[in-house]
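Trainee: Fold the following.
(one chain, ligands or ions: 1)
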Amino acid sequence: MLSSIFGQTVRGMRDFLPEDARRLRFIERIARETAELYGYDEVITPTIEYYNLLAAKIGEENRKRMYVFEDLGGRKVALRPEFTASIARLVATKLRSAPKPLRLFSVGSLYRYDEPQFGRYREFWQANFELFGSALPEADAEIISLMDVFLKKIGLDGYSFKIGHVGVLRGVFSDEGIDEDKQNSIMQRLDKKEWEEAIKLLKESGSSRKCLNTLKGLLKTSGKDPPCIIKKMREIVKEYPGAIEAVENLNEIIDLLRSGGVETEILIEAGFARGLEYYTGAIFEVYVPEMDIALGGGGRYDKLVELFGGGKIPGVGVAMGMDRLSLALKKHGSTIHISAPTKLLVVPVERSLLGEAFKTASMLRESGFCVEIETMGRSVSRALSDADRRGIAFTVIIGPREIKEGKVVLRHMAERKQITVDLSELPEKISQVCQC
Ligand code: AMP
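Mentor: Here you go, the predicted structure:
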């Protein structure tokens, strides 16, 4: 009975074997490099937070999927399902008086009781970038351009952005006097593409025929020619001032992206909504044609910090789903930067030479090589065939005669050639062979 429990991970949880772990850490490294390039400072927040903080604006669907429990002190806590609430908490409290704009980066694992399937797990990873303090379109454009650079740097191409603006729909609904709770329910349906349901909810809220037609019109409006779609959106919402403002804001963001050199395909969807409830402005996601799930997503949220008691500090951010990026890289067959480093194995001919083997290995590691030592007590020939099997590039054989003369044998595994080398010249010799 116990063995059946010990033999498996909890549903939705995964082990990362070396190749997958390496790919995930590669994505993390590039995310951190991108953060540095754009001036985003890393912050590390706890995996467990108060339930009320995390649940405040996460949206009905995500709220149902949180891992919630009471700790031994009786506090109602949850595993974080996303980063933004924690980061906004920081900005509302410890970083409240930090000079703006404030650019913050975080990376880590998150937890949602989603139905496990391809690209959807209960523990998953995100690289998260947030910019606080500016409500201007240049802040949104910076986040989208950062996302573009990050995707290029990890080696993805052929992806496209889907962009919308919750201010358009909310502008229409607010002008019609629909309260926020009702708006949230409608947005949740739209996020799940349950359009009929959304229209039904709108009807039930007693909205006008004009409002219903506007929603239907927006739901039909999408396309890859932003100026044309923006024009159509202007026409559809022309009687709703709040929505017009949102369309103009969307237009400015896209103009900035294009004039700033972002050439990635942009699909505008006028009826686009996202599950998280805190969005107030532009929202975006990124897709590759091979997968119909978003690789990342984000948007503008200008009221979250204020909700957490931190004053009127606008924010915009994006969360890149590292697991899905990893899947996309795998599909692209991109192994260039992710392959394991060149490895060396040091093999003593007899156990009495283990000390020399340890010293040689340390010297090589200090020179920057990745070095293993034969620790299974195998003969040289068995150690060499094992090294072959595991793709080790070089072996360094420590023999009694050679070591007395300050020398070792360096063997190039693939070429099956070996030379005797002065220990002091060993790092240089390996580098020379590595380069050719
Ligand atoms: P969200 O926090 O919902 O805006 O999601 C941002 C990104 O996180 C998505 O585009 C996905 O790439 C990733 N993501 C969200 N939920 C999951 C999940 N259950 N499993 C794997 N990745 C996820």
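Trainee: Could you pull up phi and psi at residue 104?
Mentor: Backbone torsions of residue 104, given as degrees, to the nearest 10, read phi -130, psi 140.
Trainee: Low-confidence stretches in the chain?
Mentor: Across the chain, the ranges flagged by pLDDT under 70 are 1-3, 333-339, 435-436.
Trainee: The one helix or strand residue 285 maps to: partners in the sheet, and parallel or antiparallel?
Mentor: Element membership of residue 285, judged by DSSP states H and E, is strand 282-287. Take DSSP bridges as the rule and strand 282-287 pairs in its sheet with strand 160-165 (antiparallel), strand 296-301 (antiparallel).
Trainee: Export those strands to CSV and append columns for mean neighbour count and distance to residue 420.
Mentor: All C-beta atoms are positioned from the backbone trio N, CA, C, and that covers glycine. Formatted as CSV, these follow (neighbours: other C-beta atoms under 10 Å; distance: least, C-beta to C-beta, whole Å):
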stretch, mean neighbour count, distance to residue 420
strand 160-165, 23, 57
strand 296-301, 25, 53
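Trainee: Which of those strands sits closest to the ligand?
Mentor: strand 296-301 (4.0 Å; C-beta to the nearest ligand atom).
Trainee: Can you tell me which of the strands paired with strand 282-287 is nearest to residue 151?
Mentor: Counting by C-beta to C-beta, residue 151 lies closest to strand 296-301 out of the strands paired with strand 282-287; the figure is 8.2 Å.
Trainee: how much distance is there from the helix or strand following that closest one to the middle of the chain?
Mentor: Following strand 296-301 in sequence order, the next helix or strand is helix 304-307 (DSSP H and E). Centroid separation for helix 304-307 versus its chain: 24 Å, with C-alpha atoms, centre = their mean, to the nearest Å.
Trainee: Tell me the helix or strand right after helix 304-307.
Mentor: strand 315-321.
Trainee: who does that next one pair up with?
Mentor: Strand 315-321 pairs in its sheet with strand 123-132 (antiparallel), strand 296-301 (antiparallel), by DSSP bridges.
Trainee: Can you mark which positions in the next helix or strand after that strand are buried?
Mentor: Sequence-wise, the next helix or strand downstream of strand 315-321 (DSSP H and E) is helix 322-331. Within helix 322-331, the residues that count as buried by 16 or more other C-beta atoms under 10 Å are 322-329.
Trainee: What parts of the stretch 251-400 of the chain come near the ligand?
Mentor: 275-276, 294-297, 319, 321, 323-324 (C-beta under 6 Å from any ligand atom).
Trainee: Among those, which one sits closest to the ligand?
Mentor: residue 321 (1.8 Å).
Trainee: State the distance from the closest one to residue 293.
Mentor: 8 Å (C-beta to C-beta, to the nearest Å).
Trainee: Quick check: neighbours shared by those two?
Mentor: Shared contacts of residue 321 and residue 293 (C-beta atoms under 8 Å, 6 or more residues apart in numbering): residue 119.
Trainee: Neighbour count: those two, which is higher?
Mentor: A side-by-side neighbour count of residue 321 and residue 293, using other C-beta atoms under 10 Å, places residue 321 first with 25 against 15.
Trainee: wait, that one sits on residue 298?
Mentor: No: in terms of C-beta atoms under 8 Å, residue 321 does not count as a neighbour of residue 298; the distance is 10.9 Å.
Trainee: sorry, back to before: let's have the buried residues of helix 322-331 in CSV, adding distance to residue 66.
Mentor: Below are those laid out as CSV (distance: C-beta to C-beta, whole Å):
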residue, distance to residue 66
322, 20
323, 19
324, 20
325, 24
326, 24
327, 24
328, 27
329, 29
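Trainee: List the contacts of residue 123.
Mentor: Residue 123 neighbours (C-beta under 8 Å, 6+ apart): 12-14, 109-111.
Trainee: List only those of those flagged as buried.
Mentor: For those, buried by 16+ other C-beta under 10 Å: 12, 110-111.
Trainee: about what we covered before: could you dump the strands paired with strand 315-321 to TSV with distance to residue 203?
Mentor: Formatted as TSV, these follow (distance: least, C-beta to C-beta, whole Å):
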stretch	distance to residue 203
strand 123-132	37
strand 296-301	27
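Trainee: Report the spatially closest residue to whichever residue of the stretch 51-200 of the chain sits closest to the ligand, excluding sequence-adjacent ones.
Mentor: Of all residues in the stretch 51-200 of the chain, residue 124 sits closest to the ligand, at 3.4 Å by C-beta to the nearest ligand atom. Among residues not flanking residue 124 along the chain, residue 323 sits closest, at 4.8 Å (C-beta to C-beta, 6 or more residues apart in numbering).
Trainee: can you map out the strands along the stretch 201-350 of the chain?
Mentor: 222-223, 265-269, 282-287, 296-301, 315-321, 343-348 (DSSP state E, counting those that start in this stretch).
Trainee: what sits against the spatially most central residue of the chain?
Mentor: Compute the mean C-alpha point of the chain, and by C-alpha atoms, centre = their mean the closest residue is residue 320, 2.9 Å away. Neighbour list for residue 320: 31, 126-129, 147, 150, 286, 295-296 [criterion: C-beta under 8 Å, 6+ apart].
Trainee: Check which residues of stretch 114-123 are buried.
Mentor: For stretch 114-123, by 16+ other C-beta under 10 Å, it's 119, 121-123.
Trainee: first to last residue in that stretch, what's the distance?
Mentor: Taking C-alpha to C-alpha, to the nearest Å, stretch 114-123 runs 9 Å from one end to the other.
Trainee: Following element in sequence after the longest helix anywhere in the chain, please.
Mentor: Counting by DSSP state H, the longest helix found in the chain is helix 18-38. The helix or strand immediately downstream of helix 18-38 is strand 41-42, counting by DSSP H and E.
Trainee: Give me the helices and strands touching the longest helix of the chain, please.
Mentor: strand 41-42, strand 102-111, strand 123-132, helix 137-153, helix 322-331 (3 or more C-beta pairs under 8 Å, 6 or more residues apart in numbering; DSSP states H and E).
Trainee: Which pair in the contacts of residue 123 has the greatest spatial separation?
Mentor: 14 and 110 (13.4 Å).
Trainee: hang on, the residue of the stretch 51-200 of the chain closest to the ligand packs against residue 110?
Mentor: Yes: between residue 124 and residue 110 there is a contact under C-beta under 8 Å: 5.9 Å.
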